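**Q** quick one, structure for this:
(chains A and B)
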Amino acid sequence: MTGGRRISEVELHAFVDGELAGKERAEVETALATAPEELRAVRAIADLNERLARHHAQVLDEPIPARMAALGAGPALRWRLSARPARAAGLAALVLVAAGAGYLARDLGRGNSAAQAAFVASALSAHQVFVPEVRHPVEVGAGDEKHLVQWLTRRLGTEVRAPELSAEGWKLVGGRLLPDRGQAAAQFMYEDAQGRRLTLYVRKEAGLTDAAFRFAERGDFGAFYWIDRSLAYALAGRLDRGELMRLATSIHAQLGGPGTG
Amino acid sequence: MTSRREAVTAEIPRLRRYARALVGDSSEADDLIQDTLERALARLEQWRDGDNPRKWLFSILHNLHVDGLRRKSRRPPHVGLDSLGADHSAPAADGASGSDLDRALQLLTADQREVVLLVGLEGLSYAETAEVLAIPMGTVMSRLARGRDRLRGLLAYGLEDEAEHAGLRRVK
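**A** Predicted coordinates for the structure are as follows:
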């Protein structure tokens, strides 16, 4: 390590878990740039979180057992539960409540969402791993954008474009190719004037069929993800949800355009 | 009260995910959630307005879980030490399946498992985790580091391997 200070083990965990902010975070980021071993540890911790998320994702979409649903329906409905219509009403109310909380009703009982969770987990991990990189945040820089886009298009096997976000204050840093369960995935990175970073993760939509905008979060990172034609996208950043949503909408409009989807 | 009840029910999927990872058995996990919900719904007035319902529910779940472990420890364990030893000596190769992950999680101490899952799976901050478990933040951090280290050791899993064995993962 040259000139950089040592990073403690606790700091490495805190870094991955989004517990560091401002100067502390910047210090660790700087130190990581010249500490390959610590960077590996950071990636290993992030990877562990991703595996936990992926492995347990499907539980979120399992139908809620009737005895729990009955509790949720409240005392007013509970005493009528023996009557079938009331039970159905209780469950329906529960589904609506769940939908309001972000678990979309149509997902209940469908297996598709595990694949979606895996997709967004990959995107979030790629975000967490590469965003702190000081020296090599991308493989191909924005100066070579034409080559970058041609290369990623060829590797993903379908047309990929880097959306233009300069009107929103974000400039393209560049992009890289990543493995995602044996498929090629692309990551574009953007940066704003304050040095905040945003990544757009793109992969062929294999196995993901739902086109709706979804939001996922891990610690203080958030991601919006969606499917547009043959590609799945996830926009990730440490931004508030509204800001991320606006950017995702802008990207969707640019890449898909009206009348597609 | 209705909206509070709804806020509690909306957390069921998250609670179930956490409990299943924590106890490693889905029916036992659902029993724990059932108890958690019953206790929570009976004490809705204890939940202060504006507080995060998730944090409150996780602490109820934690207390019930600890009570359950205490009761269990008075009975002989149903998993023999031999089988634990066998799992230990045969860490999963890369491409470890979910059940390897389940087994490895169950080999952590209950204290470590809670912290690893609350932070790593549920995305709670260290401060929230400390509050849920009623322990100091420093304890959260040291348990987290030890737990993750142990888990990684059990899975014998490194990132360098991931790239090399990408092909193996696919045929899993």
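
**Q** so the biggest helix by length in chain B, near chain A or not?
**A** Longest helix in chain B by number of residues (criterion: DSSP state H): helix B:53-73. No. Using Cβ under 8 Å from any Cβ of the partner chain, helix B:53-73 never reaches chain A; the gap is at least 10.1 Å. The C-beta positions use only the backbone N, C-alpha and C, and glycine is treated the same way.

**Q** mind checking how far that helix is from the chain centre?
**A** With Cα atoms, centre = their mean, to the nearest Å as the basis, helix B:53-73 stands 11 Å off its chain's centre.

**Q** what mean pLDDT does that helix get?
**A** Mean pLDDT, computed over helix B:53-73, is 89.

**Q** which strands or helices does it pack on?
**A** Applying 3 or more Cβ pairs under 8 Å, 6 or more residues apart in numbering or on different chains; DSSP states H and E, one finds that helix B:53-73 contacts helix B:2-9, helix B:12-23, helix B:26-42, helix B:110-120, helix B:126-133.

**Q** who touches the very next helix or strand once past the last one?
**A** What that stands for is helix B:126-133. Going down the chain from helix B:126-133, the next helix or strand is helix B:137-155, by DSSP states H and E. If you take Cβ atoms under 8 Å, 6 or more residues apart in numbering or on different chains as the criterion, helix B:137-155 is touched by A:9-10, A:13-14, A:17, A:44-45, A:48, B:87-88, B:91-92, B:96, B:100-101, B:103-105, B:107-109, B:111-113, B:115-116, B:119-120, B:126-127, B:129-130, B:133.

**Q** skipping adjacent residues, who's closest to residue A:135 in space?
**A** residue A:33 (5.2 Å; Cβ to Cβ, 6 or more residues apart in numbering or on different chains).

**Q** tell me how many other residues surround the one you found.
**A** 16 (other Cβ atoms under 10 Å in any protein chain shown).

**Q** and for residue B:63?
**A** Using other Cβ under 10 Å: residue B:63 sits among 15 other residues.

**Q** how about the one 5 residues further on?
**A** The local packing count at residue B:68 equals 15, with neighbours defined by other Cβ under 10 Å.

**Q** separation between the closest residue to it other than its chain neighbours and residue A:63?
**A** Distance criterion Cβ to Cβ, 6+ apart; nearest residue to residue B:68, sequence neighbours excluded, is residue B:32 at 7.0 Å. Note on residue B:32: its distance to residue A:63, by Cβ to Cβ, to the nearest Å, is 18 Å.

**Q** looking at those two, which is more packed in?
**A** residue B:32 (22 against 12).

**Q** what score does the more buried one have for pLDDT?
**A** On the pLDDT scale, residue B:32 gets 94.

**Q** what do you get for residue A:251?
**A** Taking residue A:251 on its own, its pLDDT is 90.

**Q** what sits against it?
**A** A:163, A:165, A:200, A:233, A:235.
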